[in-house]
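Trainee: this one's structure only:
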């Protein structure tokens, strides 16, 4: 399911937080697109190296020196292939861990801290497609070391010090301006923005 402003709004998230979430999501998606582009380019290089190796093998004519060169090139190719596959696997694991941490309420700067600090746990993850098979290592971090990184949702009731003066209906501009608490006044302005010309 795509991450949209409408979906986040329906979840009751404030507009300011929605902007932050969309910005972070866009940054993540752009980063993944860049990594995918790099992986595709590396994949094309692998095909070229394999073709060179096959061509060299055909031209060998039993030359022992060629065999040594071939084995050396083949080993370099296999090492390069393992490196590319290892990087792709590491990126997939980090992507899955990122989604997991976000689902547990770790976002923004705290998410980056969590990802950097759990490299060992992330590299030990096993994936089933894009999902983590066993997240016990990450669960242990969240309930222990990373407990302070988990965002807390707070629900605040309506203030009783300045209740609406007109029986709960739309407030007037004057009533809004009389609210002494700045946060409540800003909320009231946002809810009745047409009174202020925005």
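Mentor: Thanks, I have it. Given the structure is predicted, the values throughout are model-derived calculations rather than measurements.
Trainee: Helix or strand: which one has residue 99?
Mentor: Here residue 99 sits within helix 64-103, counting by DSSP states H and E.
Trainee: in that helix, what's buried?
Mentor: For helix 64-103, burial by neighbour count (16 or more other C-beta atoms under 10 Å) applies to 84, 88, 91, 93-98, 100-102. C-beta coordinates here come from the backbone N, C-alpha and C atoms, glycine included.
Trainee: counting contacts, what elements does that helix pack onto?
Mentor: helix 15-58, helix 108-117, helix 119-123, strand 127-128, strand 131-132, helix 136-143 (3 or more C-beta pairs under 8 Å, 6 or more residues apart in numbering; DSSP states H and E).
Trainee: got the buried residues of helix 64-103 as JSON lines, with pLDDT columns?
Mentor: Listed next are the buried residues of helix 64-103 as JSON lines, based on pLDDT from 0 to 100:
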{"residue": "84", "pLDDT": "84"}
{"residue": "88", "pLDDT": "82"}
{"residue": "91", "pLDDT": "83"}
{"residue": "93", "pLDDT": "81"}
{"residue": "94", "pLDDT": "83"}
{"residue": "95", "pLDDT": "84"}
{"residue": "96", "pLDDT": "84"}
{"residue": "97", "pLDDT": "81"}
{"residue": "98", "pLDDT": "83"}
{"residue": "100", "pLDDT": "79"}
{"residue": "101", "pLDDT": "82"}
{"residue": "102", "pLDDT": "84"}
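Trainee: can you put these in CSV and add distance to residue 194?
Mentor: Output for those, formatted as CSV (distance: C-beta to C-beta, whole Å):
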residue, distance to residue 194
84, 57
88, 52
91, 48
93, 49
94, 46
95, 43
96, 45
97, 45
98, 40
100, 42
101, 40
102, 35
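Trainee: if we take the residues you listed, which one ends up nearest to residue 147?
Mentor: residue 101 (12.7 Å; C-beta to C-beta).
Trainee: Is it correct that that closest one is in contact with residue 108?
Mentor: No. In this structure, residue 101 is not within contact of residue 108 by C-beta atoms under 8 Å, at 10.9 Å.
Trainee: Find the residues that touch each one of these two.
Mentor: By C-beta atoms under 8 Å, 6 or more residues apart in numbering, residue 101 and residue 108 have no common neighbours.
Trainee: Outline the domain layout of this protein.
Mentor: 8-149, 164-198 (automatic domain parsing).
Trainee: Tabulate those domains (a markdown table), appending distance to residue 2.
Mentor: Shown next, in a markdown table, are those (distance: least, C-beta to C-beta, whole Å):
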| stretch | distance to residue 2 |
| --- | --- |
| domain 8-149 | 10 |
| domain 164-198 | 26 |
